[in-house]
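J.: Sequence first, then the predicted structure:
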Amino acid sequence: MKLKKLDALIDEFVAMGVPSIDISVRLHGEEIYRRMEGYSDAAKTKPINGRERYNVYSCSKPITVTAAMQLWERGKLGLEDKLSDYLPEFSAMNVREGGEVRPAKREITIRDLFTMSAGLTYDLWSENLRAARSETGGRCPTREVMKYLARDPLAFDPGERYNYSLCHDVIAALVEVISGERFGEYVKKNIFEPAGMENSTFLATEAERSELAEQYSYDSAAKTYKPIGGGNGFCIGSEYESGGAGCVTSVDDYMKFLEGWRTGLFLKPSTLEMMTKNQLDEKRIKYYPLTQYGYGYGLGLRCRLDGSESTDFGWGGAAGAYLACDLKHDFTLFHAQQVLNSPNQPMRNLIPGAVRADLQ
């Protein structure tokens, strides 16, 4: 099926010099569009073939919140529960305000984590996280790291604003505590295996990393793409399974995850409906960057704002990966690339609208 508006948008990405692109669109579960551009290696000897794996960075977050909401459906946690009920180290948090530190006005709730409203930051090199690396010999097991993260003062009182942060890494640790197994093992058993996602993991081996498409960093001043290998700076230790940024997967595998959403494989339709309703009030949403595209923020997902033309939900990753699920028009899509600081990063939000226009 020819999707002319989507093709034109991808043409723009290619014209920007993005080294490699792989995008898939399914309608009613059938692939209607697949486009691959560029090479999987820096030497440009291996054309993209669709089997490559990618660091999808924050496209890990939808998988993580899905795992946690499975536990919510089973009555294992409540959204209004205090985080400290499960991770006691978060019971007496402090807030850094100006040059001083004071006690937080209230405790962090589970809902605060889902909505990025807990007061956490994305400072992976705080004094306490440096200590985590040192004192665990570089291993940084996910649950253990939370004991160090909880020592960092919050940037604001829980519930006061939206701030993109390590909230979903904490959710991964929460899943570990509630399920009694390592986060990656829980996801494997409850999401990856049921969906047939054989090329996905939250703890990639060296062999698996060798299958990654080449990763680049874009220099906006020089307008050049520099190969940087397959490292993921958000995975702070050899045993750290970052719920917020640690997944390694392929386009075909991630499409299986999105189809799992669409068909109700992982969650009840009513649960997904709740997750995809905007949760940010007027006070918090002014800190959220996607309102200009008609999106609010639900329980860990970009979602439609009332009155907007957007009908999809999803998220995107730091190196350009982007996902969308549109239940109204019954399509799913995943766009993969490996460029940090990519020049086409904001334009990804135009992809779902282009597909909708092509399907009319």
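T.: Done, it's in.
J.: next one: phi and psi at the residue lying closest to Leu79 once chain neighbours are set aside?
T.: Nearest in space to Leu79, with sequence neighbours left out and distances taken as CB to CB, 6 or more residues apart in numbering, is Arg111 at 4.2 Å. For the C-beta atoms, the positions are set from N, CA and C on the backbone; glycine is no exception. Main-chain dihedrals, Arg111, degrees, to the nearest 10: phi -60, psi -40.
J.: just the strands in the protein please.
T.: Ranges of strands within the chain are 20-27, 30-38, 53-55, 94-97, 100-103, 216-219, 224-227, 248-250, 295-297, 302-304, 313-316, 322-326, 331-336, 339-340, based on DSSP state E.
J.: any idea of the mean pLDDT for the last one?
T.: Read that as strand 339-340. Strand 339-340 carries an average pLDDT of 98.
J.: on that earlier part again, ok, the residue nearest to Leu79 - how many residues close by?
T.: 18 (other CB atoms under 10 Å).
J.: Could you do Tyr293 as well?
T.: Around Tyr293 there are 17 residues (other CB under 10 Å).
J.: What of His28?
T.: Under the criterion other CB under 10 Å, the count of neighbours that His28 has is 10.
J.: distance of it from Pro158?
T.: With distances taken as CB to CB, to the nearest Å, His28 is found 42 Å from Pro158.
J.: what does the model give Glu80 for pLDDT?
T.: pLDDT, Glu80: 98.
J.: can you map out the helices along the stretch 101-250 of the chain?
T.: Taking DSSP state H, counting those that start in this stretch to define them, one finds helices in the stretch 101-250 of the chain at 110-114, 127-135, 142-149, 167-179, 183-187, 193-195, 206-209.
J.: Kindly report the same for the stretch 251-360 of the chain.
T.: Going by DSSP H, counting those that start in this stretch, the stretch 251-360 of the chain shows helices at 251-263, 269-275, 282-285, 351-359.
J.: CSV for the ones you listed, including mean pLDDT and mean neighbour count?
T.: Converted to CSV, the helices of the stretch 251-360 of the chain look like this (pLDDT from 0 to 100; neighbours: other CB atoms under 10 Å):
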stretch, mean pLDDT, mean neighbour count
helix 251-263, 98, 21
helix 269-275, 98, 16
helix 282-285, 96, 13
helix 351-359, 97, 20
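J.: Any chance of these in CSV with distance to Tyr57 as columns?
T.: Formatted as CSV, the helices of the stretch 251-360 of the chain follow (distance: least, CB to CB, whole Å):
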stretch, distance to Tyr57
helix 251-263, 12
helix 269-275, 20
helix 282-285, 23
helix 351-359, 17
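J.: Ala92 is nearest to which of those helices?
T.: The closest of those to Ala92 is helix 282-285. By CB to CB, the value is 23.6 Å.
J.: Contacts for the closest one, please.
T.: 115, 117, 159-162, 278, 291, 296-297 (CB atoms under 8 Å, 6 or more residues apart in numbering).
J.: Return the residues in contact with the nearest residue to Asp157 once chain neighbours are set aside.
T.: Nearest residue to Asp157, sequence neighbours excluded (CB to CB, 6+ apart): Lys105, at 4.6 Å. Residues near Lys105 by CB under 8 Å, 6+ apart: 95, 157-158.
J.: Kindly indicate the member of these with the most neighbours.
T.: That'd be Pro158 among those, by other CB under 10 Å, with 24 neighbours.
J.: From what I see, that one and Leu120 are in contact.
T.: No. Counting by CB atoms under 8 Å, Leu120 is not a contact partner of Pro158; they are 9.3 Å apart.
J.: Dihedrals phi and psi, the residue nearest to Asp157?
T.: Torsion angles, degrees, to the nearest 10, at Lys105: phi -70, psi -30.
J.: What separation do you get for it and Ala92?
T.: 12 Å.
J.: Same check on Gly78?
T.: 21 Å.
J.: which residues sit against the lowest-mean-pLDDT helix or strand in the chain?
T.: Among the helices and strands of the chain, helix 206-209 carries the lowest confidence by mean pLDDT, DSSP states H and E, at a mean of 80. By CB under 8 Å, 6+ apart, the list of residues contacting helix 206-209 from outside reads 53, 201, 230, 248.
J.: where's the dip in pLDDT among those residues?
T.: Lowest in pLDDT among the contacts of helix 206-209 is Gly230, which has 88.
J.: beta partners for the residue lying closest to that residue once chain neighbours are set aside?
T.: Of all residues not flanking Gly230 in the chain, Leu212 sits nearest, at 4.1 Å (CB to CB, 6+ apart). Beta-bridge pairing of Leu212 under DSSP bridges involves Arg53.
J.: returning to what we had before: how about the contacts of helix 206-209, which pair is most distant?
T.: Every pair of these checked by CB to CB; the farthest is Thr201 and Gly230, at 13.2 Å.
J.: picking up where we left off before, out of the helices of the stretch 101-250 of the chain, nearest to Gly317?
T.: Among the helices of the stretch 101-250 of the chain, the nearest to Gly317 by CB to CB is helix 167-179 (12.4 Å).
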